[in-house]
Every structure is written in C-alpha cells, then in structure tokens.
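Trainee: Fold the following for me, if possible:
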Amino acid sequence: MKHDQHFMVDEKLASRIVDYANLSTKDRVLEVGPGKGALTKYLVKKSKVTAVEIDAVNLTVLREMNKLESNKIDIVELDILLYKPKQQFDVIVCDMILHFLSAENIKSMIKKIQSWTKI
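Mentor: Below is the predicted model of the structure:
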C-alpha cells in the first residue's frame with residue numbers, strides 16, 4: 001500500500017520547535033524520518049544530528065543539505081524499525097512518521113525509542 005507523505009513546510013514553526021527544545025552543541029539528536037529536512041536544518045545548527053531516512057528522494061535532499069552544513073549530519077539510509085544505534089541520544093525527534101506504522105509497530109517503536117535515550 002502506498003502512503004502519502006506529509007512534510008513540515010512552515011519555516012517559522014520548525015525554527016520555534018527547535019528553539020523550544022533548548023538544545024546545546026553537546027546534545028546528540030536522533031531525527032526519525034526527517035523527510036526533506038525542515039527541522040534538520042535547524043537542529044544541526046544547535047546539536048549533533050543523526051537522521052534516519054528510507055525514502056530515496058528525501059535522502060537526496062538531505063545529502064545536498066549536508067554538503068551545505070559541512071557534513072555535520074550523520075545520515076543513515078535505513079528503515080527505522082531496523083535501526084540499531086551505536087550510542088544513546090539526548091533528544092529523539094519523531095515527526096509525522098508514526099502514522100505509517102501498524103499499531104504493533106508503534107508500540108515496538110516507542111519501546112525502542114525509550115531504550116535509545118539517555119534518560
């Protein structure tokens with residue numbers, strides 16, 4: 001089944017969300033399903049970002065953005081359900097991807113996210 005993708009397009013909102021997170025340059029942020037990077041471009045200015053994305057078109061956009069950001073974004077091309085991080089994260093951003101998952105996979109994803117955070 002094909003799913004429609006929804007992207008954040010409000011630059012002001014994206015900036016405000018990242019500002020609200022009160023990130024520091026020492027924070028490690030995992031962005032799950034960053035899409036075309038609306039939040040990513042603000043996150044990378046304040047923290048260390050790992051972005052996990054599976055869509056080829058979105059990956060192309062993210063890689064171009066990464067060139068502009070001096071390759072500061074760790075881009076992982078993988079289905080988030082298969083992702084096994086090598087470290088824990090201070091913040092995990094999961095914007096507009098849960099609706100692609102079944103109820104069972106959402107529960108599994110939430111448990112994984114909890115184990116990936118330092119809290």
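
Trainee: all helices for the chain, in order.
Mentor: According to DSSP state H, the chain carries its helices in the segments 11-20, 40-43, 56-68, 103-116.

Trainee: Next up, phi/psi of Asn22, please.
Mentor: Backbone torsions for Asn22, taken as degrees, to the nearest 10, come to phi 50, psi 50.

Trainee: Tell me how many other residues crowd it.
Mentor: By other C-beta atoms under 10 Å, 9 other residues sit near Asn22. From N, CA and C alone the C-beta is placed, and that goes for glycine too.

Trainee: and if you look at the one 5 residues further on?
Mentor: Each residue near Asp27 was counted by other C-beta under 10 Å, and the total is 17.

Trainee: list the contacts for it?
Mentor: Counting by C-beta atoms under 8 Å, 6 or more residues apart in numbering, Asp27 makes contact with Lys46, Ser47, Lys48, Asp90, Val91.

Trainee: 7 Å - rerun?
Mentor: Taking C-beta atoms under 7 Å, 6 or more residues apart in numbering, we find Asp27 in contact with Ser47, Lys48, Asp90, Val91.

Trainee: Distance of it relative to Gln114?
Mentor: Using C-beta to C-beta, to the nearest Å, Asp27 is found at 18 Å from Gln114.

Trainee: Closest to the centroid, which residue in the chain?
Mentor: Geometric centre of the chain, nearest residue: Glu31, 1.6 Å, by C-alpha atoms, centre = their mean.

Trainee: Residues in a beta bridge with that one, which ones?
Mentor: For Glu31, the beta-bridge partners are Ala51, Val93 (DSSP bridges).

Trainee: quick one: it and Glu104, what's the gap?
Mentor: Glu31 sits 23 Å away from Glu104, going by C-beta to C-beta.

Trainee: Over to Thr50?
Mentor: Between Thr50 and Glu104 the computed distance is 25 Å (C-beta to C-beta).

Trainee: One more: Tyr83?
Mentor: Applying C-beta to C-beta to Tyr83 and Glu104 gives a distance of 17 Å.

Trainee: out of those two, which sits in the more crowded spot?
Mentor: Neighbours were counted for Tyr83 and for Glu104 using other C-beta under 10 Å; Tyr83 has more, 16 against 8.
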